[in-house]
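Undergrad: Quick one, what's the 3D model for this:
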Amino acid sequence: MISTSAVHSHLSEYEIWWKNHYQFLTEKGYKLRSRYSPDWVPSWTNTNKVDINCEDGIVSPHYLVLDARRIQDGARVSLKRIDVSRHPYEIEIGRYFSTLPLSNDPANHCVPIYDVLEAPGDEHTAIIVMPLLRDATDPYFDTVGEVVDCIHQLFEGLRFMHKHHVAHRDCMQLNILMDDSMFIDPWHASDQYMSEDYKRVARHRSRTKSPPRYYYIDFGISRQYEASNTNPLEEPIFGGDKEVPEFNEDNFKPRNPFPTDVWYLGHAIQETFLEHYSGVEFLNDLVSDMMHSDPAQRPNMDEIFSRFQVIRQGFSSWKLRSRVAHDEEKSVFDFLVHWTRRIQYIVRRISPTHTSLS
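TA: Okay, the predicted model is just below:
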């Protein structure tokens, strides 16, 4: 029998918190992976295996977030532990966008909240249950049409939030995720490159063939305002992206958070696409305007969305199928793979985009 202390030695401090709530979560209908079970015996025990090569040997990379299975239907979910005293609006705003009729609006790209659990014995801690999502930048984009679909959804989603008077205030690259539509194999939540059973690389289709849906997550510092408040002012609060020009100019002066959202999203697009892909130059001017150093000179999301519709309207089907090449995919082999897929999709009449002009 493996002792409790020996098992604990394999878990990080924040993982032990999840282990201690394993039974509670099971009773609420959510089953954690075997690594977090009180009865866990590491699969590499008394074998020649190395822990990092085993499914249950991978440490969760996020100390506040963990994956689980919903017992009722087997759906994979994400559990996020939040301090409601530090982030009093996260649940409220998340539920707002997860409630009818907003939850059924196709323009809504806010991550849905399925459930909210109160942690036992701790009135300041809640666990929100959401779908399990993954890094929106991996695998790499292949065509202009795939980039167009992504940008369309991101503009549509932030515009939707702003229309409902919610400023995200942290819509940086890491807070944009996507669903599992592309994936043949479920991926391992702690190592998204690998399959859930950790036996192979997680196989996937292209975004053109199986288009993903993109989501905004993390409403921890978001705010909702009255419709009558057309110029809300908030003291600067730094999210994950520390380069906001108005905050670095004066980090005490209250600012309207809506133009700051525009800058955050422009910077996320710059970091994701403009700095790493060829073939995306059509985004340059719009992103430059979104990142204007003067918040008053930035377009609002209605203007941005309209301008993007004009840009994409000028693209032929051939242009939408044309290649965008990531810095790490510029070999002759990558070029040939792209053209093989491209010809297949033309022959099979698979559309180069899956979002519509608005």
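
Undergrad: Next, count neighbours for the closest residue to L174 other than its chain neighbours.
TA: Closest residue to L174 apart from its sequence neighbours, by Cβ to Cβ, 6 or more residues apart in numbering: G240 at 5.7 Å. Where C-beta positions appear, they are placed from N, C-alpha and C, glycine not excepted. G240: 12 surrounding residues under other Cβ atoms under 10 Å.

Undergrad: Please apply the same query to K19.
TA: Residues lying near K19 (other Cβ under 10 Å) number 18.

Undergrad: just the one 10 residues further on next, same as before
TA: Residues near G29, counting by other Cβ under 10 Å, number 16.

Undergrad: Contacts only, for the nearest residue to it once chain neighbours are set aside.
TA: Sequence neighbours aside, I71 is the residue nearest to G29 in space, at 4.9 Å (criterion: Cβ to Cβ, 6+ apart). The contact partners of I71, taken as Cβ atoms under 8 Å, 6 or more residues apart in numbering, are 26, 29-31.

Undergrad: Distance of I71 relative to T125?
TA: Per Cβ to Cβ, to the nearest Å, I71 is found 22 Å from T125.

Undergrad: same deal with Q23?
TA: Per Cβ to Cβ, Q23 is found 16 Å from T125.

Undergrad: Among these two, which residue is more densely surrounded?
TA: Taking neighbours as other Cβ under 10 Å, Q23 and T125 compare with T125 leading, 17 against 13.

Undergrad: How confident is the prediction for that one, by pLDDT?
TA: Note on T125: pLDDT of 96.

Undergrad: A296: what secondary structure?
TA: When classified by DSSP: H, G, I helix; E, B strand; the rest coil, A296 comes out as helix.

Undergrad: Show the pLDDT at it.
TA: 96.

Undergrad: go on, S12?
TA: S12 carries a pLDDT value of 88.

Undergrad: now do the same end-to-end measure for stretch 205-220.
TA: 33 Å (Cα to Cα, to the nearest Å).

Undergrad: Next: stretch 181-188.
TA: Criterion Cα to Cα; first-to-last residue distance in stretch 181-188 is 15 Å.

Undergrad: which other residues reach that stretch?
TA: By Cβ under 8 Å, 6+ apart, the list of residues contacting stretch 181-188 from outside reads 55, 58, 76, 134, 139, 180, 193-198, 200, 202-207, 210-213.

Undergrad: Quick one, which of those residues are buried?
TA: Using 16 or more other Cβ atoms under 10 Å as the burial test, those include 55, 58, 76, 134, 139, 180, 194-196, 198, 202, 204, 206-207, 211-213 as buried.

Undergrad: Distance-wise, check the residue nearest to L174 relative to V65.
TA: Between G240 and V65 the distance, using Cβ to Cβ, works out to 14 Å.

Undergrad: cool, and D191?
TA: Counting by Cβ to Cβ, the gap from D191 to V65 is 14 Å.

Undergrad: I151 now?
TA: 26 Å.

Undergrad: before we move on, what about P120?
TA: Taking Cβ to Cβ, one finds P120 at 19 Å from V65.

Undergrad: Please say which of the two ends up with more neighbours.
TA: Using other Cβ under 10 Å as the criterion, P120 and V65 rank with V65 on top: 20 against 11.

Undergrad: Can you read off the pLDDT for the residue lying closest to the more buried one once chain neighbours are set aside?
TA: Take V65 and drop its neighbours on the chain: the residue closest to it by Cβ to Cβ, 6+ apart is K80, 5.0 Å away. pLDDT recorded at K80 is 98.

Undergrad: Return the distance of the helix or strand encompassing K80 from the chain's centre.
TA: For K80, the element it lies in under DSSP states H and E is strand 76-83. Distance of strand 76-83 from the chain centroid (Cα atoms, centre = their mean, to the nearest Å) equals 14 Å.

Undergrad: Enumerate the positions of that strand that are buried.
TA: Using 16+ other Cβ under 10 Å as the test for burial, strand 76-83 gives 76-82.

Undergrad: In the sheet, which strands lie alongside that strand, parallel or antiparallel?
TA: Its sheet considered, strand 76-83 pairs with strand 65-70 (antiparallel), strand 125-131 (antiparallel) by DSSP bridges.

Undergrad: after it comes which helix or strand?
TA: helix 90-97.

Undergrad: Dump that following helix to PDB, keeping only the CA atoms.
TA: Coordinates of each C-alpha in helix 90-97 appear next as PDB, following Å, rounded to 0.1, in the frame of the first residue of the first chain:
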ATOM      1  CA  GLU A  90     -16.900  37.000 -12.300                       C
ATOM      2  CA  ILE A  91     -19.800  34.700 -11.500                       C
ATOM      3  CA  GLU A  92     -22.400  37.500 -12.000                       C
ATOM      4  CA  ILE A  93     -21.100  38.400 -15.500                       C
ATOM      5  CA  GLY A  94     -20.500  34.800 -16.500                       C
ATOM      6  CA  ARG A  95     -24.100  33.900 -15.600                       C
ATOM      7  CA  TYR A  96     -25.400  36.900 -17.300                       C
ATOM      8  CA  PHE A  97     -24.000  35.800 -20.700                       C
END
